[in-house]
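K.L.:
show me how the following folds:
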Amino acid sequence: MKSKDSLIVMKTAAEALDETRNKLRLTTGSSDLDGLIGGVEEGLFYLFYGEREILDALIHRLIVNCVLPKGRGGFEAKGIYFNNTDYYTGKTFLNPSELGGLAKQLGVEPRIVFANIYAVAAYNEQRQLIIAKHISELMERDHEIRLLAVHSITRFFSDSEKPEETRQILKQTINYVWRIASKRRITVVVTADAIPNGRGFIPKPVGGSFFRHVANVIVHLKTFEDGPVSSVRATLIKHPYKKTPDSIVLLVSKGGEDLMGRITPSFRQLYEETISELKTQYQSGLIDLGLKQAFDLLLKEAWNSEQAAMGNSNMPTVLDKLNLTANIHNRKLIEVLKRMLEEKERAIEELREELEDLRARIISKVGEAKDLRIEK
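P.N.:
Have a look, this model is predicted:
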């Protein structure tokens with residue numbers, strides 16, 4: 001067994017500096033934010049906390065960027081998306097349409113992004129801990145993983161009846177994944193809610209002082225309106241080698257851009273692009289002619305009957321291929337049943353006509369028999 005002394009490695013300051021310079025860095029998608037935090041460096045623990053809208057956008061961007069080539073600000077690697085969501089209130093989710101749109105803007109096939117991202121969700125504190133153990137095992141097995149994105153880690157605090165117990169589970173969850181991630185130089189990005197203070201000071205993250213000790217980099221993000229411009233104030237709270245506190249304001253015009261500077265097409269444009277892609281890549285793969293016809297009927301009925309509802313939503317939800325496949329099969333069965341019903345109705349109508357004809361003939365025969373008796 002090795003002694004503790006044998007594990008100590010001595011380095012010069014120049015060697016440590018060279019190591020830092022040679023580390024991979026993942027872009028956030030914002031050059032200003034990259035400048036503030038020095039990019040998202042491999043092997044470090046990042047905590048971004050604040051308003052959910054900007055955190056959601058950041059998480060989606062980092063997941064796509066993880067797959068990008070190294071020369072374009074990516075890790076050229078796999079990632080894990082660990083979602084923490086209350087199913088009934090404040091639900092967060094990984095939007096496949098948004099990921100696909102981002103991938104296309106960056107010149108990457110959406111299916112490449114989807115194929116390189118593991119996704120898992122926890123719906124309560126107990127499941128958080130179970131999933132953390134599975135993620136740790138996955139990071140040990142798959143050496144291509146370079147990013148772990150933990151979305152809304154503090155989601156269960158607001159409804160917790162035992163906040164101290166929830167806090168302990170959060171600590172155990174983070175410790176499980178960070179122990180393996182740090183050993184394998186996997187970057188961990190965690191998002192969390194902020195504690196409202198109402199005093200104009202920078203709020204602290206939900207979860208207590210734990211994050212201040214475990215995270216290498218801490219950034220607070222807050223959105224605000226300034227006339228025709230949407231702004232995000234990013235404040236660097238903690239960093240291993242940058243001056244703190246430090247902050248910048250990211251100014252983004254409202255002319256079709258969201259808070260991370262991405263162009264957001266109109267709903268109709270997104271819908272038509274999505275449907276076009278599904279027709280070329282999904283429908284063309286359907287062998288059964290009945291399924292292809294059912295697919296067309298589904299699209300037609302969805303747009304005609306739910307246009308207003310979908311128009312008020314942020315994104316179409318037709319990319320859930322499992323539900324889509326089930327719906328298509330159901331639609332095909334409905335069409336088959338409709339045809340069978342129509343055939344049965346025709347058969348019943350024919351039987352009714354035959355019965356009427358038979359009844360008329362019986363009445364006629366009875367009448368003839370009466371006439372014969374009268375004549376006799």
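K.L.:
what's the burial count for the closest residue in space to E51 that isn't next to it in sequence?
P.N.:
Spatially, and ignoring its direct neighbours in sequence, E51 is nearest to T223 (5.3 Å; CB to CB, 6 or more residues apart in numbering). Heads up, the C-betas are built off the backbone N, CA and C, glycines and all. Per other CB atoms under 10 Å, the neighbour tally for T223 reads 16.
K.L.:
I'd say T223 and V249 touch.
P.N.:
No - using CB atoms under 8 Å, T223 is not in contact with V249; the gap is 10.6 Å.
K.L.:
does F75 sit in a helix, a strand or a coil?
P.N.:
Three-state assignment for F75 (DSSP: H, G, I helix; E, B strand; the rest coil): coil.
K.L.:
any idea which element the residue nearest to it when sequence neighbours are not counted lies in?
P.N.:
Distances taken as CB to CB, 6+ apart put R146 closest to F75, at 4.0 Å, once the chain neighbours are dropped. Mapping R146 onto the secondary structure by DSSP states H and E places it in strand 145-151.
K.L.:
end-to-end on stretch 24-33?
P.N.:
End-to-end span of stretch 24-33 (CA to CA, to the nearest Å): 17 Å.
K.L.:
how about residues contacting it?
P.N.:
34, 37-42, 58, 61-62, 65-66, 70, 73-75, 146-147, 187, 234, 248, 250, 260-262 (CB atoms under 8 Å, 6 or more residues apart in numbering).
K.L.:
just the buried residues from those residues, in ChimeraX please.
P.N.:
The ChimeraX selection below is limited to those of the contacts of stretch 24-33 classed as buried (16 or more other CB atoms under 10 Å):
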select :34,37,38,39,40,41,42,58,61,62,65,66,73,74,75,146,147,187,234,248,250,260,261,262
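K.L.:
which members of the contacts of stretch 24-33 occur in strands, if any?
P.N.:
Among these, DSSP state E puts V40, E41, R146, L147, T187, A234, I248, L250 in strands.
K.L.:
list just the nearest of these to G367.
P.N.:
Using CB to CB, L147 comes nearest to G367 of the ones in strands among the contacts of stretch 24-33, at 91.6 Å.
K.L.:
strands of this protein, residue ranges please.
P.N.:
25-26, 40-41, 45-50, 78-84, 117-122, 145-151, 187-192, 217-226, 229-238, 246-253.
K.L.:
the last one pairs with which strands?
P.N.:
So the one you mean is strand 246-253. Sheet pairing of strand 246-253 (DSSP bridges) gives strand 229-238 (antiparallel).
K.L.:
quickly list what's touching both of T223 and V249.
P.N.:
Joint contacts of T223 and V249 (CB under 8 Å, 6+ apart) are S231, V232.
K.L.:
and the strands of the chain: which comes nearest S160?
P.N.:
Where these are weighed against each other on CB to CB, the nearest is strand 78-84, at 12.6 Å.
K.L.:
buried residues in the closest one, which are they?
P.N.:
K78, G79, I80, Y81, F82, N83, N84.
K.L.:
okay, the angle between it and strand 187-192?
P.N.:
With axes from the mean of the first three to the mean of the last three CA atoms, to 10 degrees applied, the angle from strand 78-84 to strand 187-192 works out at 20 degrees.
K.L.:
which strands and helices sit next to strand 78-84?
P.N.:
helix 52-67, strand 117-122, helix 125-141, strand 145-151 (3 or more CB pairs under 8 Å, 6 or more residues apart in numbering; DSSP states H and E).
K.L.:
ok, now with 10 Å
P.N.:
Applying 3 or more CB pairs under 10 Å, 6 or more residues apart in numbering; DSSP states H and E, one finds that strand 78-84 makes contact with helix 52-67, strand 117-122, helix 125-141, strand 145-151, helix 163-183, strand 187-192.
K.L.:
chain center to the second one, what's the gap?
P.N.:
I take that to be strand 117-122. 9 Å (CA atoms, centre = their mean, to the nearest Å).
K.L.:
please apply the same query to the first one.
P.N.:
Mean C-alpha position of helix 52-67 versus that of the full chain (CA atoms, centre = their mean) differs by 10 Å.
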